[in-house]
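Engineer: structure of the sequence below:
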Amino acid sequence: MLSAFASVGARAFNKTILDITGAEVKGLYRGNRSVEDLRRTIARDLHDAGRNRQSIVIRPLFTSPLLIQLDDLDRATIEQITPLAFMVIRTSAGKDGTGNYQAWVAVKDAPADKEAAKAFVRRVKKASAADGEASGSTRIAGSLNFKTAYAPNFPRIEITHNNAGYMTTIAALEQAGFVASEEQPRPPRPALSPCPVGRASRHSGWRPWPKYELCLNGAPKGTSGNPKRSSADFLFGRICAEWGFSEAATVDHLMEVSTKAKENGRAYAELTVRRAFESVERNPYRERSTPRPA
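Structural biologist: Have a look, this model is predicted:
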């Protein structure tokens with residue numbers, strides 16, 4: 001895996017250790033580590049992670065080409081995207097037993113502008129029905145995928161396709177149907193008065209929390225046919241931002257209402273909410289799946 005990433009321009013990696021709940025193990029984060037550094041320590045890291053039921057997560061750092069992580073793909077989609085990917089990873093058996101996959105694509109002619117590149121990544125994720133909130137980090141191949149939901153039979157992360165050094169193009173992705181149409185900006189909505197805390201009396205002027213169940217019902221379906229909880233969590237965070245709730249209060253409430261947040265830990269909730277709030281800053285308005293409170 002390290003060699004595959006290096007073959008398409010990854011210059012270094014950030015390494016994080018997660019416990020079985022998805023929370024970061026404090027004191028074990030290592031940033032900007034070279035391939036050589038990780039190779040020297042990976043055997044010991046894998047041994048310690050297996051003993052402590054922890055996951056080793058790496059994030060490739062790159063400048064060019066653009067590396068795109070397509071996470072939570074089913075078997076049918078992965079078969080279509082594999083010819084364009086330099087690496088494909090099987091992360092679990094999936095709900096239907098055919099596998100849950102992650103594809104990594106290197107695009108050599110992606111936009112150089114940072115915001116344009118982000119918009120292009122969103123279009124590719126949308127077209128492939130990949131997890132739109134995937135962080136660009138991945139559990140390292142060879143390790144066990146320690147998550148509470150998988151206990152006691154934790155799946156092993158494995159590489160199912162490795163075409164080291166392969167880079168695709170925008171035209172190839174478009175021809176294969178993996179680039180969605182460009183996003184159309186919407187006019188901004190008037191700013192709402194802040195709601196720094198949670199549910200309160202209607203007479204106080206504070207709004208109740210958005211209904212999480214409606215966010216879940218409006219989320220896209222995953223490989224099992226069930227709503228993608230990460231998408232529901234992101235939508236909930238975005239609506240909270242639009243309604244004027246604070247980021248910290250939204251994290252606290254997401255930990256109460258989201259099963260995925262409870263399983264993956266507070267670090268997951270903080271990252272999801274931060275990205276939701278940032279998306280509102282980029283695009284202040286979009287069609288909502290939940291009604292505003294009366």
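Engineer: is the closest residue to Cys240 other than its chain neighbours in a helix, a strand, or coil?
Structural biologist: Nearest in space to Cys240, with sequence neighbours left out and distances taken as C-beta to C-beta, 6 or more residues apart in numbering, is Thr250 at 4.2 Å. Using the backbone N, CA and C atoms, a C-beta is placed for each residue, glycine as well. Secondary structure, DSSP: H, G, I helix; E, B strand; the rest coil: Thr250 is helix.
Engineer: one more: Ser279?
Structural biologist: Secondary structure for Ser279, judged by three-state DSSP, is helix.
Engineer: quick one: contacts for it?
Structural biologist: Contact partners of Ser279, counting by C-beta atoms under 8 Å, 6 or more residues apart in numbering, are 234, 238.
Engineer: my guess is Leu73 contacts Glu79. True?
Structural biologist: No - Leu73 sits out of contact with Glu79 when judged by C-beta atoms under 8 Å, with a separation of 9.6 Å.
Engineer: hey, where'd the strands end up in this protein?
Structural biologist: Under the criterion DSSP state E, the chain contains strands at 12-18, 30-33, 55-61, 66-73, 87-92, 100-107, 138-139, 158-162.
Engineer: could you export the ones you listed as CSV, including mean pLDDT, mean neighbour count and distance to Lys118?
Structural biologist: Formatted as CSV, the strands of the chain follow (pLDDT from 0 to 100; neighbours: other C-beta atoms under 10 Å; distance: least, C-beta to C-beta, whole Å):
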stretch, mean pLDDT, mean neighbour count, distance to Lys118
strand 12-18, 93, 20, 19
strand 30-33, 92, 14, 22
strand 55-61, 93, 21, 16
strand 66-73, 94, 24, 10
strand 87-92, 95, 22, 22
strand 100-107, 96, 25, 13
strand 138-139, 94, 22, 19
strand 158-162, 97, 15, 26
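Engineer: out of those, which gets nearest to Val257?
Structural biologist: strand 66-73 (21.0 Å; C-beta to C-beta).
Engineer: just how off-centre is the closest one within its chain?
Structural biologist: 9 Å (C-alpha atoms, centre = their mean, to the nearest Å).
Engineer: just the C-alpha atoms of that strand, please, in PDB.
Structural biologist: Only the C-alpha atoms of strand 66-73 are listed here, as PDB (Å, rounded to 0.1, in the frame of the first residue of the first chain):
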ATOM      1  CA  LEU A  66      -4.800  14.700  -7.500                       C
ATOM      2  CA  LEU A  67      -5.600  11.500  -5.400                       C
ATOM      3  CA  ILE A  68      -9.300  10.700  -5.000                       C
ATOM      4  CA  GLN A  69     -10.600   8.300  -2.400                       C
ATOM      5  CA  LEU A  70     -13.900   6.600  -3.300                       C
ATOM      6  CA  ASP A  71     -15.200   4.900  -0.200                       C
ATOM      7  CA  ASP A  72     -18.100   2.600   0.600                       C
ATOM      8  CA  LEU A  73     -18.500   1.200  -2.900                       C
END
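Engineer: pairing partners for it, with directions?
Structural biologist: strand 100-107 (antiparallel) (DSSP bridges).
Engineer: and the contacts of stretch 162-182?
Structural biologist: By C-beta under 8 Å, 6+ apart, stretch 162-182 touches 3-4, 7-8, 65, 80-81, 83-88, 105-110, 119-120, 123-124, 126-128.
Engineer: ChimeraX command to pick out the buried ones of the residues you listed?
Structural biologist: Of those, the buried ones go into a single ChimeraX selection, burial set by 16 or more other C-beta atoms under 10 Å:
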select :4,7,8,65,81,84,85,86,87,88,105,106,107,110,120,123,124,126,127,128
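Engineer: let me have the strands of the chain in a markdown table, extended by distance to Arg39.
Structural biologist: Compiled in a markdown table, the strands of the chain are given as follows (distance: least, C-beta to C-beta, whole Å):
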| stretch | distance to Arg39 |
| --- | --- |
| strand 12-18 | 11 |
| strand 30-33 | 10 |
| strand 55-61 | 12 |
| strand 66-73 | 20 |
| strand 87-92 | 17 |
| strand 100-107 | 19 |
| strand 138-139 | 17 |
| strand 158-162 | 16 |
